[in-house]
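Enquirer: A structural model of the following input is requested.
(one chain, ligands or ions: 1)
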Amino acid sequence: MTEVVKSVSEWRKIRKNLSENDIGFVPTMGALHQGHISLLQRCKNDNRVTVASVFVNSTQFNDPEDFKKYPRDFERDLKMLRQAGVDYVFHPDHEEIYADEYRYMVSEKEFSTKLCGAYRPGHFDGVLTVVMKLFNIIRPARAYFGEKDYQQLILIRDMVSNFFMNIDIVGSSIIRESDGLAMSSRNQLLSAEERKKAPVFYKTLNSGKSVSEIINELEKSDFKVDYIEEHFGRIFGAVFLGKTRLIDNAPRN
Ligand code: PAF
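Expert: Numbers count the residues shown, from 1 in each chain. Sure thing, here's the model as predicted:
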C-alpha cells in the first residue's frame, strides 16, 4: 500500500516506528518517467521502506516562467508510484517547506557557480536547501539521484559530507530513450518536431569531437548552446531546443 503524507508532523509520527537503517529516499519534482522508476527500483532493492517525495521546488527555478510551465500531474505520478511499490509519498505544499519564506538557505560558493550554475543563478542554492530540508524531515539512510543531473549529484554528495550527515548518496546511470535522448521531465515540453531533433544533442555530445566542433554542430542544428565543457573525464552540455532546456553528460571517449 502506498500512503500519501502531506505534512511534516504526519510523517514524524510514521517515522517514529521506523528504525535508523530502514529508509531509502528518492526525491523528485514529479512528472515521473522511467529514469525515476529505475531509481525507485534500486531503492526498493536496498531498503526495507521506500519513500519518494513529489515537490516542485520554486526556489531552484531562476526563471518564473519555467516554474509556471514545469509539468505537474500528481494523480499520474501517484499511479506510477503505486505501481512501483513505493511505501510513502511525501507531497507537501510550499508553505509546509518554506514557512521561513526562504530566509535560510544552503549555499555553495565554488562548483555551484560553474556549468549550470553559471547560467541559472541561485539554482543550486534552491536545490541544496530543499534537499537539506527533505533529508532532515525524512531522515533516510540512503538517497538516490540520477547522473543526468551530475553536477547536482556531486554537490549533494559534497554537502552531505561537509555537514557530517549520515546518509549514503547513491548515483544511478542515465536512463535513455531508444534514440539516445536522456529521460527528463522536461522532454514533455518539446513539440513533436523538437522531440525528433532532440537526440542530435546526445549523439553530438558523445561523438568524441572537440568542444568547439560540438558547439558548431549543435548550433548548425538549431540548438542554442549554454555550455559544452569537459570535467572529471566527462563531457557536459546544456542547450535550448526552442524554449526547452536540455542537459546531458557522457564519459569522454
Ligand atoms: O532532481 C530533481 O528532481 C530536483 O532537483 C530535486 C533533487 C528533487 C530537488 O528539488
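Enquirer: Tell me the residues of the stretch 151-253 of the chain that contact the ligand?
Expert: Residues of the stretch 151-253 of the chain that fall close to the ligand, judged by Cβ under 6 Å from any ligand atom: Gln152. All C-beta spots, glycine's among them, are computed from the backbone N, C-alpha and C.
Enquirer: where do the helices sit along this structure?
Expert: With DSSP state H as the criterion, the chain has helices at 8-15, 34-46, 64-69, 74-83, 94-97, 116-119, 123-138, 150-162, 192-197, 199-205, 211-220.
Enquirer: what inclination does the first one have with respect to helix 123-138?
Expert: So that's helix 8-15. With axes from the mean of the first three to the mean of the last three Cα atoms, to 10 degrees applied, the angle from helix 8-15 to helix 123-138 works out at 50 degrees.
Enquirer: leaving aside the residues next to it on the chain, what's closest to the spatially most central residue of the chain?
Expert: Computing the C-alpha centroid of the chain and ranking residues by Cα atoms, centre = their mean puts Asp149 first, at 5.8 Å. Counting by Cβ to Cβ, 6 or more residues apart in numbering, Asp149 lies nearest to Ile247, which is 7.2 Å off, once chain neighbours are set aside.
Enquirer: try Ser191
Expert: Of all residues not flanking Ser191 in the chain, Gly242 sits nearest, at 6.7 Å (Cβ to Cβ, 6+ apart).
Enquirer: again, but for Phe90
Expert: Nearest to Phe90 is Ser53, by Cβ to Cβ, 6+ apart, at 4.2 Å.
Enquirer: Count the neighbours of the nearest residue to Val106 once chain neighbours are set aside for me.
Expert: Excluding the flanking residues, the one nearest Val106 by Cβ to Cβ, 6+ apart is Leu128, at 4.1 Å. The local packing of Leu128 (other Cβ atoms under 10 Å) involves 23 other residues.
Enquirer: contacting residues around the closest residue to Val127 other than its chain neighbours?
Expert: Distance criterion Cβ to Cβ, 6+ apart; nearest residue to Val127, sequence neighbours excluded, is Gln60 at 4.9 Å. Going by Cβ atoms under 8 Å, 6 or more residues apart in numbering, Gln60 touches Gly122, His123, Phe124, Asp125, Gly126, Val127, Val130.
Enquirer: Return the distance of Gln60 relative to His36.
Expert: 17 Å (Cβ to Cβ, to the nearest Å).
Enquirer: what's the answer for Lys196, then?
Expert: 24 Å.
Enquirer: ok, these two, which is more surrounded?
Expert: His36 (25 against 11).
Enquirer: leaving aside the residues next to it on the chain, what's closest to Glu217?
Expert: Thr204 (5.0 Å).
Enquirer: For Cys43, grab the count of nearby residues.
Expert: 25.
Enquirer: quick revisit: unless I'm mixing things up, the residue nearest to Asp149 is touching Gly146, no?
Expert: No - the criterion here is Cβ atoms under 8 Å, and Ile247 misses it with Gly146 at 11.1 Å.
Enquirer: Need the overlap of contacts for the two.
Expert: Common neighbours of Ile247 and Gly146 (Cβ under 8 Å, 6+ apart) do not exist.
Enquirer: Look up which residues are beta-bridged to Val247.
Expert: No Val there; residue 247 is Ile. Note on Ile247: beta-bridge partners by DSSP bridges are Ala238.
Enquirer: And the pLDDT at it?
Expert: Note for Ile247: predicted pLDDT of 98.
Enquirer: quick one: it from Gly35, how far?
Expert: Relative to Gly35, and taking Cβ to Cβ, Ile247 is found at 13 Å.
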